[in-house]
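*Asks:* Sequence and predicted structure, then a few things I'm wondering about:
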Amino acid sequence: MNRREFLKWSASSLAAALVWGALGKKTAWPELPPHLSVVTGGTAQPRVEAAIKALGGINRFVQPGNRVVVKPNIAWARTPQEGANTDPEVVAAVVGLCRQAGARQVIVIDHTCNNYRMSYQQSGIEAAAKQAGAEVRPADQVKYYRQVNIPEAKVLHSPMILNEILDCDVLINLPVVKVHGGAMVTLSMKNLMGVVWDRGIMHSTNLHQAIVDLSLAVKPKLILLDATRIMTSNGPAGPGNIETLNQLVAATDPVAADAYGAKILGFAPENIPHIKIAHQMRLGEIDLQSLRVKNVKLA
Amino acid sequence: MFRLRFRWRSLFQIFGLALFFILAWQTRYPLHLKGWSNVFFRLDPFLGITASLAAKTVIFTFWPALLLLALTLFSGRFFCWNICPLGTCIDLASFLSARKHWRKSPRLKFLFTIQVSALVIFLVLAGFGLAGLAQQFDPLVISLGMFLSRPGLILFLVIIFVSAVFPRFWCFNLCPLGAILELGTRVGKKIKNRPAAFDLSRRQFLSALFFGLLAGGGFKIRKGEKITDRILRPPAASKETEFTSLCVRCGECIKVCPSNGLKPCFLETGLEGLGTPRLIPRIGPCELCFLCYQVCPSSAIKKTRLGQFKIGAAEIDHSRCLAWGQGKLCLVCMEYCPVVAIRSDSEKRPIVNEAICIGCGTCEKQCPVSGEAAIVVFNRGEIRG
């Protein structure tokens, strides 16, 4: 290439780049899906649909023929209005959406704190989930669990975890947003304590670290924080102060979801030890400023 | 070896046994049966009479038992031969062991004397407030009791094994309910001017009465066992003496308890408390389902709701508590407390408010300390029904 040719090339490339740049402002790049979608208002069904649609739709998470486990919070023998458990209508909506996406089987399960029959029934989740086409399974006996080794764990090295969780294709974590006497808040990572048999160990070692260790082993594909009602005092069992927000937060990153949930409850995420530890162990992003959050308002 | 012969009686028996077991099986949370779960026990005049004598009142919920007694005057021991679940089990056992028909089994006169004498003694003892001992030998209590405790199962199996050898031996010679119904039958024959023998002579009756009074008096003046503060009764159980006399030991509350925390006492609450329910929170706490009073046939457990009763109050053993003793973050007791009676101090250590605590024992059950819990419920300050 001689000098003339070089200059010609340079000039035409520059011109092309300028034209491209001028046009490029108008041609929108395909928008990246948000890290978090926050849907406020409406009833349970459209709220769930909108939140998942904003993340790319249910087909991003559930393929036809999949075995899906929905893990709501059914810990307590309390009514939906008391806000101690996930709202049954939200559970039913999620189950219905998974069925629509072609899931072979949708299982709703939780290792309850109170008696499992009483919790499943009084929370309204058993009836609502069955209606929506889910199988509601008990988790009250050790035979439903098997031991899992977590090599990276700091304190929770080999917990007993629910077989259903270990054997499923898709895990959807569906906690309710509450304050918590021991762990300060109970959101998606804390909700996973409901898949462990020997929870006492988590308390007698180091609760916050154990919660994070568990998240190393159990990885939900989709996290939906149910903030239909939030409990802002006397958590987790209540009876406590309940605020009705009619909100749902969808995410794939557990730390981001919990950071947002902590913000809903009025905490700075950095002040919640297990969220901070999870971020430090590279489980997700704690800084909400650096995340794409899509807000949707429904009538 | 087996000879099957159709009898209407057998049909009734199978139906009765199935009904008894279905009712027993369905006596659980959620209780769809409501008042029907204890219908067999309310048919039982032996339980009704002994409990009424012991509590010195008339327990009206046992009105079906009066009906049964009245029918017995006309129809004899139809309950024993057609309905009684233990009787059916006995017949099944003797059928399977290929014994001859039950009518040919020995009915020993001296044993029937013992049966009726024992009944007299039992009734006198019930008058002294000691009904529970006799109620342990009621056939319905035995039939349900085999599901509830190991001694109950052993008693049931012994009776079945004996009956496999001597068909209906129990019913003719030992069963206290059988004795009452047999007496009813004979009174009925007397009314109808048919020959009816009363095997108990006046002398035998008086000596049975004497022995009953002697045993009852001895029971009254003996130094009673001191009930420890770890004995917890079901929510809104009536006051202790009233409770031990009203309770018919049917075991319905023990069967229905969703956490399996209710267990029958052996001798922890003395002889008079034998077979009564106690709550052992470390096995299962009170889940506040309020089913125990709904199945109780004699209102030994009173109708109640949250805020009206107190089983006891929890106390923390600071040396064993993870938070107090080792400075760990635990607070499981506070998390689980259904009435928010536990709060944490500035160091995240739990503190029990005994005034709010209802003694359900959820904290004791969930305490992650191995072995004995670091938070334990005592019956101090209990409020009974």
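*Replies:* Structure's in. What do you need?
*Asks:* Spell out which residues of the stretch 151-299 of chain A are next to chain B.
*Replies:* A:180-182, A:199-201, A:203-208, A:234, A:236-240 (CB under 8 Å from any CB of the partner chain). (Glycine included, C-beta is placed from N, CA and C.)
*Asks:* which among those end up buried?
*Replies:* The neighbour count (16 or more other CB atoms under 10 Å in any protein chain shown) marks A:180-182, A:199-201, A:203-208, A:234, A:236-238, A:240 as buried among those.
*Asks:* What about residue A:22, how many residues nearby?
*Replies:* 9 (other CB atoms under 10 Å in any protein chain shown).
*Asks:* Over to residue A:260?
*Replies:* By other CB under 10 Å, 24 other residues sit near residue A:260.
*Asks:* same deal with the one 5 residues further on?
*Replies:* Residue A:265 is flanked by 21 other residues according to other CB under 10 Å.
*Asks:* Please identify the helix or strand for the closest residue to residue B:30 other than its chain neighbours.
*Replies:* Closest residue to residue B:30 apart from its sequence neighbours, by CB to CB, 6 or more residues apart in numbering or on different chains: residue A:121 at 6.2 Å. Assigning secondary structure by DSSP states H and E places residue A:121 in helix A:116-122.
*Asks:* Send me that helix as CSV with only the CA atoms.
*Replies:* Extracted in CSV, the C-alpha atoms of helix A:116-122 (Å, rounded to 0.1, in the frame of the first residue of the first chain):
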residue,chain,number,x,y,z
TYR,A,116,-46.4,-29.3,57.9
ARG,A,117,-50.0,-30.3,57.5
MET,A,118,-51.1,-27.2,59.4
SER,A,119,-48.8,-24.9,57.6
TYR,A,120,-49.6,-26.2,54.1
GLN,A,121,-53.3,-25.9,54.9
GLN,A,122,-53.6,-22.7,56.8
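*Asks:* From the contact counts, what lies against that helix?
*Replies:* Using 3 or more CB pairs under 8 Å, 6 or more residues apart in numbering or on different chains; DSSP states H and E, no helix or strand is in contact with helix A:116-122.
*Asks:* what's it in contact with?
*Replies:* Helix A:116-122 is contacted from outside by A:74-79, A:85, A:110, A:112-113, A:126-127, A:136, A:138-140, B:29-30, B:258, B:287, B:289, using CB atoms under 8 Å, 6 or more residues apart in numbering or on different chains.
*Asks:* Show me which of the residues you listed are buried.
*Replies:* Of the contacts of helix A:116-122, these count as buried by 16+ other CB under 10 Å: A:74-78, A:85, A:110, A:112-113, A:126, A:136, A:139, B:29, B:258, B:287, B:289.
*Asks:* Check the offset of whatever helix or strand comes next after the helix holding residue A:121 from the chain's centre.
*Replies:* Beyond helix A:116-122 on the C-terminal side, the first helix or strand identified by DSSP H and E is helix A:125-131. Chain-centre distance of helix A:125-131: 20 Å, with CA atoms, centre = their mean, to the nearest Å.
*Asks:* follow-up on the earlier one: for the residue nearest to residue B:30, the count of nearby residues, please.
*Replies:* Number of residues near residue A:121 (other CB under 10 Å) recorded here: 16.
*Asks:* How about whichever strand or helix holds residue B:65, which residues are buried there?
*Replies:* Counting by DSSP H and E, the element that carries residue B:65 is helix B:63-75. Along helix B:63-75, these residues count as buried under the neighbour rule (16+ other CB under 10 Å): B:64-65, B:68-69, B:72-73.
*Asks:* Near chain A, which residues of chain B are found?
*Replies:* Counting by CB under 8 Å from any CB, the residues of chain B close to chain A are B:29-30, B:258-259, B:287-289, B:322, B:328-332, B:334-338, B:340, B:344, B:348, B:362, B:366, B:368-370.
*Asks:* Not counting residues beside it along the chain, what's closest to residue 46?
*Replies:* By default, I'm working from chain A. Spatially, and ignoring its direct neighbours in sequence, residue A:46 is nearest to residue A:298 (5.7 Å; CB to CB, 6+ apart).
*Asks:* wait, chain B
*Replies:* residue B:177 (4.2 Å).
*Asks:* nearest to chain A, of the buried residues of helix B:63-75?
*Replies:* Chain A lies nearest to residue B:64 out of the buried residues of helix B:63-75, by CB to the nearest CB, at 30.1 Å.
*Asks:* Next, residue A:38: phi, psi?
*Replies:* Torsion angles at residue A:38 (phi, psi; degrees, to the nearest 10) stand at phi -120, psi 120.
*Asks:* just to revisit the earlier point, among the buried ones among the contacts of helix A:116-122, which lie within strands?
*Replies:* residue A:136 (DSSP state E).
*Asks:* and the residue of the stretch 201-350 of chain B found nearest chain A, what is it in contact with?
*Replies:* The stretch 201-350 of chain B approaches chain A most closely through residue B:331 (4.0 Å), counting by CB to the nearest CB. Residue B:331 makes contact with A:181-182, B:323, B:344, B:348, B:350, according to CB under 8 Å, 6+ apart.
*Asks:* Could you do residue B:262 as well?
*Replies:* Applying CB under 8 Å, 6+ apart to residue B:262 gives the contacts B:234, B:253-254, B:277-280, B:284, B:292.
*Asks:* Of all residues in the chain, which one is nearest the centre?
*Replies:* In the absence of a named chain, this looks at chain A. Using CA atoms, centre = their mean, the residue of chain A that lies closest to the mean C-alpha position is residue A:223, 1.7 Å off.
*Asks:* I was after chain B.
*Replies:* residue B:249 (1.7 Å).
*Asks:* hang on, isn't that one packed against residue B:276?
*Replies:* Yes - counting by CB atoms under 8 Å, residue B:249 sits close enough to residue B:276 to count as a contact (6.8 Å).
*Asks:* Point me to the helix or strand that includes residue A:151.
*Replies:* Applying DSSP H and E, one finds residue A:151 in no helix or strand.
*Asks:* Over to residue A:250?
*Replies:* Element membership for residue A:250, per DSSP H and E: strand A:242-251.
*Asks:* Off-centre distance for that strand?
*Replies:* For strand A:242-251, the distance to the chain centre is 12 Å (CA atoms, centre = their mean).
*Asks:* Direction included, what does that strand pair up with?
*Replies:* strand A:36-40 (antiparallel), strand A:222-231 (antiparallel) (DSSP bridges).
*Asks:* Please identify the most buried of the ones you listed.
*Replies:* Across the strands paired with strand A:242-251, averaging neighbours per residue (mean count of other CB atoms under 10 Å in any protein chain shown) puts strand A:222-231 on top, at a mean of 26.
*Asks:* What is the distance between that strand and the centre of its chain?
*Replies:* On the basis of CA atoms, centre = their mean, strand A:222-231 sits 9 Å off its chain's mean C-alpha point.
*Asks:* Send me that strand as PDB with only the CA atoms.
*Replies:* What follows is strand A:222-231, C-alpha atoms only, in PDB (Å, rounded to 0.1, in the frame of the first residue of the first chain):
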ATOM      1  CA  LEU A 222     -35.300 -17.700  39.000                       C
ATOM      2  CA  ILE A 223     -35.900 -15.700  42.100                       C
ATOM      3  CA  LEU A 224     -39.300 -14.000  42.800                       C
ATOM      4  CA  LEU A 225     -39.500 -11.900  45.900                       C
ATOM      5  CA  ASP A 226     -43.100 -11.700  47.000                       C
ATOM      6  CA  ALA A 227     -43.800  -8.300  48.500                       C
ATOM      7  CA  THR A 228     -47.600  -8.500  48.300                       C
ATOM      8  CA  ARG A 229     -47.500  -8.100  52.000                       C
ATOM      9  CA  ILE A 230     -44.300  -7.400  53.900                       C
ATOM     10  CA  MET A 231     -43.800  -8.100  57.600                       C
END
